[in-house]
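**Q** no sequence for this one, just the structure:
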């Protein structure tokens with residue numbers, strides 16, 4: 001591969017999101033509101049970060065029942081898990097980061113990482129409020 005080809009291939013990966021600081025801060029605030037709500041076991045906090053028609057999925061791969069299987073979760077299921085305290089964690093142990101990957105108009109892509117999982121969000125801006133519309137997540141292996 002030539003040097004020019006390599007630079008062109010890496011250019012989109014290296015580019016920072018093009019958005020004003022207030023927009024980036026609002027997107028990050030939604031991401032943190034979502035994860036902090038889970039860590040606090042606060043279902044109302046989680047719910048306000050999510051679109052009513054949320055699609056949250058994890059790749060399972062082929063299963064006996066399904067080719068290219070996905071674990072599917074709705075907003076209601078996610079809020080119920082939060083209410084049960086599935087990820088409740090003392091604040092001193094919180095270790096999470098949100099990184100805005102791209103912003104285009106009223107859409108954004110975001111990466112959330114915790115010790116337990118990585119989420120890739122598609123967010124939409126509705127009336128100046130950013131909301132998680134889709135999430136593809138990966139559960140980290142337990143040590």
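**A** Everything's here; your move. None of these values were measured; they are calculated from a predicted model.
**Q** ok now do residue 100, which residues does it touch?
**A** Counting by CB atoms under 8 Å, 6 or more residues apart in numbering, residue 100 touches 17, 19, 24, 27-28, 108-110. All C-beta atoms are positioned from the backbone trio N, CA, C, and that covers glycine.
**Q** make it 7 Å
**A** Listed by CB atoms under 7 Å, 6 or more residues apart in numbering, the contact set of residue 100 reads 17, 24, 27-28, 108, 110.
**Q** in the helix or strand hosting it, what counts as buried?
**A** Per DSSP states H and E, residue 100 falls inside strand 97-104. For strand 97-104, the neighbour count (16 or more other CB atoms under 10 Å) marks 98, 100, 103 as buried.
**Q** give the pairing partners of that strand; include direction for each.
**A** In the sheet, strand 97-104 lines up against strand 107-113 (antiparallel) (DSSP bridges).
**Q** show me which positions of the partner strand end up buried.
**A** Using 16+ other CB under 10 Å as the test for burial, strand 107-113 gives 108-110, 112-113.
**Q** give me the pLDDT value at the closest residue in space to residue 24 that isn't next to it in sequence.
**A** Distance criterion CB to CB, 6 or more residues apart in numbering; nearest residue to residue 24, sequence neighbours excluded, is residue 100 at 5.4 Å. For residue 100, the pLDDT comes out at 97.
**Q** cool, residue 31 as well?
**A** Predicted confidence (pLDDT) for residue 31: 96.
**Q** which strand or helix spans it?
**A** Judged by DSSP H and E, residue 31 forms part of helix 21-40.
**Q** so that helix versus strand 107-113, what angle?
**A** Helix 21-40 and strand 107-113 are oriented at 40 degrees to each other (axes from the mean of the first three to the mean of the last three CA atoms, to 10 degrees).
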